[in-house]
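Colleague: Predicted model and sequence below, questions to follow.
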Amino acid sequence: MEQQNPHGRGADAVLNLQPNSSVAIAYHSLFGPHDDLVLLEVDEKLLEEVLHERVSIRGQAEEEAVFCTKSKTYGIKYVGTSNSVLLIPPSGRSEYYENELDSQGNDSTKEVVPVIKLAPGIMELVEIAPRIDKLKLLLSENPYSLADEWESEEMDKCEKQMYNWNDLLDKVQASDDELKAGLRALSAVEIDGYWRLVDEKYMDSMLQMLLNNRILNDWSLDALDEGVLMKVMKMDGFSETLVHHCLDVYGDKLEGDEGNSCLWRLDEKRVCVHFAREVLRKGKMKVEHFMDEWQKKIPVEMHANFDMLEGEVLTERLGVETWVRGFRVSSLPLNPVERFSILFRERPKWEWKDLQPYIRDLTVPGLSSEGLLLKYTRRTQPNPEAEPVFSAR
Amino acid sequence: MQIKVKCNCGETKCLEWAVVELQGIVEAQPSFEDRFQTLEIGVLCRPSAQEVYTFTVGYHELTGSKVPLKKPLLVLKKKKCVDEDQSGDTKSATAELEVIGIIRQRFLFKTRPKALISKPQPSVKERSRASGSAVTGQTT
């Protein structure tokens, strides 16, 4: 259907209409609804992304589709119009090129340009937060555990509910960068090509083993030699990928080492928080008892500080006693409606200093943190000096 | 599912489409029923060097102007390709979107149509020119 038309009987004839001239506009011989043609509004920045083929539409059949660039996610909104929007394709390299009009017996001095369809509306893009909660849901179906090491390799990856990068792109409505950030936030690790969460018990046993080994070998927690550590941990039955993951979760690689092997420093806060979670697994307890148990678990060089547990524990005053209970911000959904509903179910009233750790990770494009509070909470302040209290709307 | 948005424009410029927008609807005379393909809608005229245009539909004349769009519109075409390389009888239809054009300006006619009564045209001639259209249903 592609033809060259040097005379230009299409959009160009209209767009370049010279003064004191006219052009006839007619229905195309293929005029129709052409539902396969859609109009998408983009700004100049997004245009650049589209022209370089860096965008895609993502979502399962039952989900509302989203539009993703490399780093951002956009909702797609259909905006209808009651106007008649006559769509005129260009001449030349277009499958909608029209030549039949030539034979319609029109005045040969007059140009005729064809209208292929009436556009009933356009698609607009609105930046949204990625729908990343589904990632946690998918990866939680089958976390990596000891069982993985016992099972035979032959099990179908599909039956075992495991997802590689492409599977995740197919299933999660987020841009590539947001998906990567989501995987990092969940401490997921790629094992044999599949992205997995590692079972907490497994992580715990790995960290314990690492700490035991460093006592036996007299290593410094500030400069763990990756190569030496790998060798020892391998003898204890841990794979290189998982040991590396363990270092990544609880430590930081030191920059600028000149040797063949990298050095790692364990992060005090992350290690302490890990052990606090282990203690809190037992349920609600008195704060003194908790601090006691916690101190006992952590390496001697490290110092547990209750401030480390923002977004990890809730404290409650019962008479003269203070009780603590595990309540992790990382276990809460990122969708603000669901987040606030869970928070207010947990506690009908929140003081700002308690609430803040549980909402500071929420980001909604176009909505500031004040806007977020305004939209989802009711703020009460009995008198101007008092701390504001937030409750459900 | 992931639908890649393709663009074959490559390094060359995206072909520009034109839009003529008017309020209300253009209706073909009932005698044409649904067979109005190739039927002439009207004549777009640029009477002066200014970006002012008239659009004459039947014996109605609209006056409007060429306005650049604040944000460009991309013309996308949906394509369905059926993958059969999947094992067995599970055929998965993968869709593809291709950018086939861009719209940067529109001819907008938002005035109420003016009836061309000063020079009534003989109805016979009107029909022979196949201008069997009229603007109806003015909306805001």
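Modeller: Great, that's in hand. Note that the coordinates shown come from a computational prediction; the quantities given were computed from them, not determined experimentally. Numbering: from 1, shown residues only, chains lettered A, B, ... in the order given.
Colleague: going forward, measure contacts and count neighbours with C-alpha atoms only.
Modeller: OK.
Colleague: got the phi/psi numbers for residue 75?
Modeller: By default, I'm working from chain A. The phi and psi torsions at A:G75 (degrees, to the nearest 10) take the values phi -80, psi 150.
Colleague: repeat for A:Y194
Modeller: According to degrees, to the nearest 10, A:Y194 has phi -110, psi 140.
Colleague: now it, nearest residue through space, not along the chain?
Modeller: Of all residues not flanking A:Y194 in the chain, A:N164 sits nearest, at 4.3 Å (C-alpha to C-alpha, 6 or more residues apart in numbering or on different chains).
Colleague: show me what contacts whatever residue of the stretch 101-250 of chain A ends up closest to chain B?
Modeller: The minimum distance from the stretch 101-250 of chain A to chain B, using C-alpha to the nearest C-alpha, falls at A:D170 (4.3 Å). The contact partners of A:D170, taken as C-alpha atoms under 8 Å, 6 or more residues apart in numbering or on different chains, are A:R58, A:G59, A:Q60, B:M1, B:Q2.
Colleague: where does it land on pLDDT?
Modeller: pLDDT for A:D170: 93.
Colleague: gap between it and B:I3?
Modeller: 9 Å (C-alpha to C-alpha, to the nearest Å).
Colleague: Give me the common contacts of these two.
Modeller: Residues touching both A:D170 and B:I3 comprise A:R58, with contact defined as C-alpha under 8 Å, 6+ apart.
Colleague: tally of neighbours for A:L362?
Modeller: For A:L362, the neighbour count with other C-alpha atoms under 10 Å in any protein chain shown is 16.
Colleague: now the strands for chain B?
Modeller: B:2-7, B:18-22, B:25-28, B:40-46, B:52-57, B:60-83, B:92-109, B:114-115, B:133-136 (DSSP state E).
Colleague: Partner strands of the third one, with direction?
Modeller: In other words, strand B:25-28. Applying DSSP bridges, strand B:25-28 is found paired with strand B:133-136 (antiparallel).
Colleague: Then the longest one?
Modeller: In the sheet containing strand B:60-83, the strands it pairs with under DSSP bridges are strand A:37-41 (antiparallel), strand B:52-57 (antiparallel), strand B:92-109 (antiparallel), strand B:114-115 (antiparallel).
Colleague: which residues touch the spatially closest residue to B:A49 that is not a sequence neighbour?
Modeller: Sequence neighbours aside, A:P19 is the residue nearest to B:A49 in space, at 4.8 Å (criterion: C-alpha to C-alpha, 6+ apart). Residues counted as contacts of A:P19 (C-alpha under 8 Å, 6+ apart) are B:R46, B:P47, B:S48, B:A49, B:Q50.
Colleague: Contacts only, for the last one.
Modeller: By C-alpha under 8 Å, 6+ apart, the contact set of B:Q50 is A:P19.
Colleague: what about the chain, any weak spots by pLDDT?
Modeller: Picked chain A for this. A:1-8, A:92-110, A:151-159, A:256-260 (pLDDT under 70).
Colleague: not what I meant, chain B
Modeller: B:10-12, B:82-93, B:118-140.
Colleague: Name the nearest residue to B:H60, ignoring sequence neighbours.
Modeller: Closest residue to B:H60 apart from its sequence neighbours, by C-alpha to C-alpha, 6+ apart: B:A115 at 4.6 Å.
Colleague: Relative to chain A, how far out is the one you found?
Modeller: 19 Å (C-alpha to the nearest C-alpha, to the nearest Å).
Colleague: Please look at that residue and B:Y59 and confirm they touch.
Modeller: Yes: the pair B:A115 and B:Y59 qualifies as a contact (C-alpha atoms under 8 Å) at a distance of 6.0 Å.
Colleague: so where's the longest helix in chain A?
Modeller: helix A:200-217 (DSSP state H).
Colleague: follow-up on the earlier one: more crowded one of B:A115 and B:Y59?
Modeller: More crowded of B:A115 and B:Y59, by other C-alpha under 10 Å: B:Y59, with 20 against 15.
Colleague: The residue nearest to A:Y194: neighbour count?
Modeller: 15.
Colleague: Quick one: residues contacting it.
Modeller: Applying C-alpha under 8 Å, 6+ apart to A:N164 gives the contacts A:G193, A:Y194, A:W195.
Colleague: just A:L362 next, same as before
Modeller: Counting by C-alpha under 8 Å, 6+ apart, A:L362 has contacts A:L334, A:N335, A:P336.
Colleague: again with A:D252
Modeller: By C-alpha under 8 Å, 6+ apart, the contact list for A:D252 reads A:W264, A:R265, A:L266, A:D267.
Colleague: next one: the longest helix of chain A to chain centre, how far?
Modeller: Distance, stretch centre to chain centre, for helix A:200-217: 31 Å (C-alpha atoms, centre = their mean, to the nearest Å).
Colleague: who does it touch, helix- and strand-wise?
Modeller: If you count contacts as 3 or more C-alpha pairs under 8 Å, 6 or more residues apart in numbering or on different chains; DSSP states H and E, helix A:200-217 packs onto helix A:226-235, helix A:240-250.
Colleague: roughly how far is stretch A:175-187 from the heart of the chain?
Modeller: 5 Å.
Colleague: mind checking how far the most centrally placed residue in chain B is from A:L47?
Modeller: Taking C-alpha atoms, centre = their mean, the centroid of chain B lies closest to B:V19, which sits 5.2 Å from it. Taking C-alpha to C-alpha as the measure, B:V19 and A:L47 are separated by 19 Å.
Colleague: can you give me the strands for the stretch 1-150 of chain A?
Modeller: A:21-27, A:37-41, A:56-58, A:66-68, A:73-80, A:84-88, A:111-115, A:117-118, A:121-128 (DSSP state E, counting those that start in this stretch).
Colleague: so what's A:V38 up against?
Modeller: Residues near A:V38 by C-alpha under 8 Å, 6+ apart: A:A119, A:I122, A:M123, B:V75, B:L76, B:K77, B:K78.
Colleague: Give me the nearest residue to A:A188, chain neighbours excluded.
Modeller: In this structure, A:A188 finds its nearest non-sequential neighbour in A:L197, 4.6 Å apart by C-alpha to C-alpha, 6+ apart.
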